[in-house]
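Trainee: quick one: sequence plus predicted model below, questions after.
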Amino acid sequence: MRRLLKISSLGVFSLFAAGCATQAPQSASKQPATDRISQVRTTAYTHSERGGPRNAIGTRLSGSNIKSASADWSRWPLGTKFRIVQTDEVFRIDDYGGALVGTGTIDLYKTNRFEMNKWGVQHVDIDVLEWGSTTKSLEVLAPRARNPKVHAMIVSLNKKPSGRENTHLSPAFF
């Protein structure tokens, strides 16, 4: 009986050890780095408004997996990808709006006026999954520099420290 107990215990221990050995430890480097920014003011817009169905880079506004968003590119550069903590929705900055320049507000694309009005104005926590490119922002904005709002974004982007892309964008910036 004692021998059977030892063999059973050894078998259970072996299964436990094998189960642990088959699971790869999660490396911190495999986890995407995120910056949590609290209480970001958000509003909503839709394609039937003045800007139409295309974003600033000429593609259609997206309301699917990664949704479109509009912002002041000197604060949230073109391509910035973020997740709203409260809703788990993922957005990418691919548009800008004159009314957003000089503010920390992000305008979220909604597929219809009902959803836009339902969103209204909300202060939400966001996780920045990937910071956009100040260089790409400047490339898109340069031909439009005569517009005073665009010019203001360009001036602000050019005041950012040079060096590694987007090192100036940290939660403390907001």
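Mentor: Thanks, I have the structure now.

Trainee: tell me where this protein is predicted with low confidence.
Mentor: In the prediction, the chain carries residues with pLDDT under 70 at positions 1-33, 162-174.

Trainee: for it, which segments count as helices?
Mentor: Remark: helices of the chain, listed N- to C-terminal, are 2-22, 113-119, 134-141, 148-158; assignment by DSSP state H.

Trainee: who are the packing partners of the shortest one?
Mentor: The elements that helix 113-119 packs onto, with contact taken as 3 or more C-beta pairs under 8 Å, 6 or more residues apart in numbering; DSSP states H and E, are strand 35-45. C-betas here are computed from N, CA, C, even on glycine.

Trainee: partner strands of the strand it packs on, with direction?
Mentor: strand 106-109 (parallel), strand 122-130 (antiparallel) (DSSP bridges).

Trainee: buried deepest among those strands, which one?
Mentor: strand 106-109 (a mean of 24; mean count of other C-beta atoms under 10 Å).

Trainee: give me the residues contacting that one.
Mentor: By C-beta atoms under 8 Å, 6 or more residues apart in numbering, the residues outside strand 106-109 that reach it are 40-47, 61-63, 67-71, 76, 82, 91, 93, 95, 97, 100, 119, 126.

Trainee: at 7 Å instead, please
Mentor: 40, 42-45, 61-63, 67-71, 76, 91, 97, 100, 119 (C-beta atoms under 7 Å, 6 or more residues apart in numbering).

Trainee: CA atoms only for it - export them in PDB, please.
Mentor: What follows is strand 106-109, C-alpha atoms only, in PDB (Å, rounded to 0.1, in the frame of the first residue of the first chain):
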ATOM      1  CA  ILE A 106      -9.700  63.200 -29.000                       C
ATOM      2  CA  ASP A 107     -12.600  63.000 -31.400                       C
ATOM      3  CA  LEU A 108     -13.800  59.400 -31.900                       C
ATOM      4  CA  TYR A 109     -15.300  58.300 -35.200                       C
END
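
Trainee: what's opposite the most centrally placed residue in the chain in the beta bridge?
Mentor: For the chain, the residue sitting closest to the mean C-alpha position, by C-alpha atoms, centre = their mean, is F82 at 1.5 Å. Using DSSP bridges, the beta-bridge partners of F82 come out as F91, V128.

Trainee: that one is in contact with L129, isn't it?
Mentor: Yes. Assessed by C-beta atoms under 7 Å, F82 is found in contact with L129 at 6.0 Å.
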